[in-house]
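A.B. asks: Next one to model:
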Amino acid sequence: MDAAGSSDSGEAKSTSGKVVDGSVLEGGGQILRNSIAYATLLGFPLHIQNIRAGRGKPGLRPQHLKGIQLASEIVGGKLKGDEVNSMEIKFEPQAKEKRTETETRKEFLADTKTAGSVCLLMQTALPILAFYPNETTITFKGGTNAIKAPLIEYSLSVLLPFLRSHCGLKAEATIKTRGLFPHGGGVVAMTGGGARGLSSSMLSAFEVLDRGDLVRIEGEAVTVGKLPLKMAEEMAVAAEKHIKWYLSSIGKKKTNKSGTSSKEGGGGGGVGGGKDGKTNSSNKSAVDIKITASHEDHPRSSASFIILRAHTSKGCILAASALGERGKKASAVGHSCAQMLVAEWKAGGCVDSHLQDQLIIFMALANGQSKLRCGPLTLHTRTAIYLAEKLTGANFTVTPISDDGRKPPPEVRFDPKTGELKTKEQFLDDYKRSEEWETARGATEEAEVRNRKRGRQSKSKFKTGPPVLLQCTGIGHVASVKK
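C.D. replies: Numbers count the residues shown, from 1 in each chain. Below is the predicted model of the structure:
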């Protein structure tokens, strides 16, 4: 599919490259991250307009700025408009045959100088690093456990292991220093490229269609700085209690396993439970649960967080996390995180809603057809698919899965011109093309974006609907130097 479309559909034709509307669909930093990575790897000039136009603070934020500057530095590109609050940028990557000097560098640095998420910087760099011809290390500085971003623990224990086992991407990352709001100062080093890049010269396509049975739930509740270990223990115990209630509610066998532990000697009661009955009702083996509590010293900042991971018999990992908030009880934070993990499991996917959208760029660049069973697609995922098809020519299909044999109802989306909810067929009847459907939001997605602009929290963090089969025929992008 051609990357260029009409100017009123989020894309416009340009004689100098691709033009992307940064306000379409999710309308956030993901559009910047994925677009700049595609331009870097595929070598086309890029013009992004209306950057984060629908956000409370529109334009480039420091972490977005550092991400695009890092991509430009890696390929020796030219950037215009790269400053905080800028609403548009122009990027022209250096021709591949002229990248000799940049492609021999052994080190790069991306420092937000704020508590902006280093994990979002890693998302920009990972696909680029996969095809970098020589082994190199990128040092990221900023927030390791930031608001509205993945925790660094998630990137290290969920994202990177999936890419390593399914895509052949061998990059590794380590935490040097934790960075917290408001000071930041976290340091994460990621090594990849060359012999540490891909197993072959291309990303591998993958099929992950059967998640198997739930066999283990583990996680960590952590307090940092001046916050006491007791808060971490309360988070861990509350999370265990909710998981125990859920496992009991589906009528499965329970067992007691090792419980809450701590570097500083904290202890607590552990719980166990059985598998989700929807997965395999005939299998009654127990689910192991172990959630640890610990405390870390920090010279400048204090914070608390919890991350939980559900492991399956087929090697799938679904995760959820939560940050402590001022005025919110630690037990409520742990309970909320457990609720989110249960919701991820009940959504029926082989990956959680956070990993779902992060995999789109790798599916688009991979060699061959990838197939992935997901829960209902998130707005981030739909945005990533839209960009992948427009900028690379990769082809995605989404097919609802009905586990009970009934046909799912047709999807409806919000028509911004009329304010009505319409099916795809109705969009095509009214507009005679698919662009308006592709860039339209569902009703809950429209509410999410509007609430975000007004600084409000959406009521629901999960989109309802059946699980889906997500398929992609990738473009088979080849690394510039064979490993």
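A.B. asks: Just the CA atoms of the top helix by length along the chain, as CSV, please.
C.D. replies: With secondary structure taken from DSSP state H, the chain has its longest helix at helix 229-249. Taking C-alpha atoms only, helix 229-249 is exported to CSV below (Å, rounded to 0.1, in the frame of the first residue of the first chain):
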residue,chain,number,x,y,z
LEU,A,229,9.1,-1.4,53.2
LYS,A,230,5.7,-1.9,54.8
MET,A,231,4.0,-0.1,51.9
ALA,A,232,5.6,-2.7,49.5
GLU,A,233,4.3,-5.5,51.7
GLU,A,234,0.8,-4.0,51.7
MET,A,235,0.8,-3.8,47.9
ALA,A,236,2.0,-7.4,47.5
VAL,A,237,-0.5,-8.8,50.0
ALA,A,238,-3.4,-6.9,48.4
ALA,A,239,-2.5,-8.1,45.0
GLU,A,240,-2.3,-11.7,46.2
LYS,A,241,-5.7,-11.4,47.9
HIS,A,242,-7.4,-10.2,44.7
ILE,A,243,-5.7,-12.9,42.6
LYS,A,244,-6.7,-15.5,45.1
TRP,A,245,-10.3,-14.3,45.0
TYR,A,246,-10.3,-14.5,41.1
LEU,A,247,-8.8,-18.0,41.0
SER,A,248,-11.3,-19.1,43.6
SER,A,249,-14.2,-17.6,41.7
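A.B. asks: mean confidence for that helix?
C.D. replies: Mean per-residue pLDDT for helix 229-249: 95.
A.B. asks: Check the offset of that helix from the chain's centre.
C.D. replies: 25 Å (C-alpha atoms, centre = their mean, to the nearest Å).
A.B. asks: which element is residue 449 on?
C.D. replies: According to DSSP states H and E, residue 449 maps onto helix 443-453.
A.B. asks: Ok, residue 472 next?
C.D. replies: Here residue 472 sits within strand 468-473, counting by DSSP H and E.
A.B. asks: So what are the sheet partners of that strand and their directions?
C.D. replies: strand 369-374 (antiparallel), strand 395-400 (antiparallel) (DSSP bridges).
A.B. asks: Can you point out the buried residues in the first one?
C.D. replies: Going back to what we said before, that points to strand 369-374. Burial within strand 369-374, assessed by neighbour count using 16 or more other C-beta atoms under 10 Å, is assigned to 370, 372-374. Yep, even glycine has a C-beta here, placed from its N, CA and C like the rest.
A.B. asks: Need the CA coordinates for the helix or strand following it. CSV is fine.
C.D. replies: The helix or strand immediately downstream of strand 369-374 is helix 379-392, counting by DSSP H and E. Provided in CSV are the C-alpha atoms of helix 379-392 (Å, rounded to 0.1, in the frame of the first residue of the first chain):
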residue,chain,number,x,y,z
LEU,A,379,-6.2,2.7,20.2
HIS,A,380,-2.4,2.6,20.4
THR,A,381,-2.4,-0.6,18.4
ARG,A,382,-4.8,0.7,15.7
THR,A,383,-2.6,3.8,15.4
ALA,A,384,0.5,1.6,15.0
ILE,A,385,-1.2,-0.5,12.3
TYR,A,386,-2.4,2.6,10.4
LEU,A,387,1.2,4.0,10.3
ALA,A,388,2.8,0.7,9.4
GLU,A,389,0.5,0.2,6.4
LYS,A,390,0.8,3.9,5.3
LEU,A,391,4.6,4.1,5.6
THR,A,392,5.9,0.6,4.8
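A.B. asks: what's the angle from helix 379-392 to strand 369-374?
C.D. replies: 170 degrees (axes from the mean of the first three to the mean of the last three C-alpha atoms, to 10 degrees).
A.B. asks: I'd like the numbering to begin with 40 instead of 1 from here.
C.D. replies: Will do, 40 is the new start, and the previous item becomes helix 418-431.
A.B. asks: Helix 418-431 versus helix 482-492: what angle between them?
C.D. replies: Inter-element angle recorded for helix 418-431 and helix 482-492: 100 degrees (by the same axes, to 10 degrees).
A.B. asks: I'd like to know which elements helix 418-431 is packed against.
C.D. replies: Here helix 418-431 touches strand 57-60, helix 68-81, helix 392-397, helix 399-404, strand 434-439, helix 482-492, going by 3 or more C-beta pairs under 8 Å, 6 or more residues apart in numbering; DSSP states H and E.
A.B. asks: Any idea what residue 182 is bridged to?
C.D. replies: As for beta bridges, residue 182 partners with residue 156 under DSSP bridges.
A.B. asks: contacting residues around the strand holding residue 511?
C.D. replies: With contact meaning C-beta atoms under 8 Å, 6 or more residues apart in numbering, strand 507-512 is reached by 248, 399, 402-403, 405, 407-416, 427, 433-440.
A.B. asks: average model confidence for that strand?
C.D. replies: For strand 507-512, mean pLDDT is 94.
A.B. asks: And for stretch 229-240?
C.D. replies: pLDDT averaged over stretch 229-240 gives 74.
A.B. asks: Same check on stretch 401-410?
C.D. replies: Over the span of stretch 401-410, the pLDDT mean works out to 95.
A.B. asks: helices or strands up against the longest helix of the chain?
C.D. replies: Contact here means 3+ C-beta pairs under 8 Å, 6+ apart; on that basis helix 268-288 packs against strand 253-263, strand 312-313, strand 325-335, strand 342-351, helix 369-385.
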